[in-house]
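Engineer: mind looking at a prediction? Sequence and model below.
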Amino acid sequence: MAVTFYYARMSSASPIVWILAELGIPHEAVEFDLEKDAHKQPDFLAINPMGQVPALVDDGQAMFEGAAIAIHLGEKYGSTRGLWPEVGSPEHMVALTWTSWVAVSFGGWLRIVGTAGGEWNPEWKNEGLAEAAKGRLTQCVAALEQHLADREYLTGGSFTLADAYAASTFWWAKHIGHVDVVAHPRVGAWLERCLARPAAGMD
């Protein structure tokens, strides 16, 4: 096994940091200072042509996109450790669904809220779009609240790497004020359960 993980602190690579900690597999972690543009150099662009983290090289094969990396790690290393549902099982279908949902639906609206809210660049501020996106983001949180009505974790009664991927993203959204766990107590309780795990590494 030869795994190299490329990341930056407090970035979209954070869920994979948590997942690798849960798995406990040997790997080399390469940290980038995004302000120094090391992730824009040709050697890294050969791994991820978008020049973004996270990225992973596993036994010589490069891949990028956080959700894809999470699923790969789950299927290759997680199932034998009880951290990922067996491929083809109903729980596996749920894990795939909610991992993708976090990356595409929830994560997409979260990025729009930040962009249109002017959090990264005041020139991009669009108050109308920001308010509309906040509404859709609230709908996303409500959907998770409903999903957790009869289960403690995303796939049922046991924590999986899908929870790590989702909870890391939700922790960040809560940290910057875009997730209201008071209005969504099941989401809040789920998040607390996930963050209590030693591998979470978050406050």
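Structural biologist: Structure received.
Engineer: who are the contact partners of the residue most central in space within the chain?
Structural biologist: Closest residue to the average C-alpha location of the chain: Tyr165 at 3.8 Å, with C-alpha atoms, centre = their mean. By C-beta atoms under 8 Å, 6 or more residues apart in numbering, the residues touching Tyr165 are Pro15, Trp18, Ile19, Gly66, Ala67, Ala70, Thr99, Val102. (Each C-beta comes from the backbone N, C-alpha and C, glycine too.)
Engineer: assign a three-state SS to it, would you?
Structural biologist: Following DSSP: H, G, I helix; E, B strand; the rest coil, Tyr165 is assigned to helix.
Engineer: same for the longest helix belonging to the chain, what does it pack against?
Structural biologist: For the chain, the helix with the greatest residue count under DSSP state H is helix 127-147. Counting contacts by 3 or more C-beta pairs under 8 Å, 6 or more residues apart in numbering; DSSP states H and E, helix 127-147 is packed against helix 107-116, helix 161-175, helix 185-195.
Engineer: show me the contact partners of the shortest one.
Structural biologist: Right, helix 107-116. With C-beta under 8 Å, 6+ apart as the criterion, helix 107-116 contacts 120-121, 124-127, 129-130, 133-134, 136-137, 140, 169, 173, 176, 178.
Engineer: repeat that with 10 Å
Structural biologist: Helix 107-116 has contacts (C-beta atoms under 10 Å, 6 or more residues apart in numbering) with 12, 66-67, 100-102, 119-121, 124-141, 166, 169-170, 172-173, 176-179.
Engineer: next, give phi and psi for Leu154.
Structural biologist: Here is the backbone geometry of Leu154 (degrees, to the nearest 10): phi -60, psi -40.
Engineer: is it true that it touches Phe170?
Structural biologist: No - using C-beta atoms under 10 Å, Leu154 is not in contact with Phe170, being 11.1 Å away.
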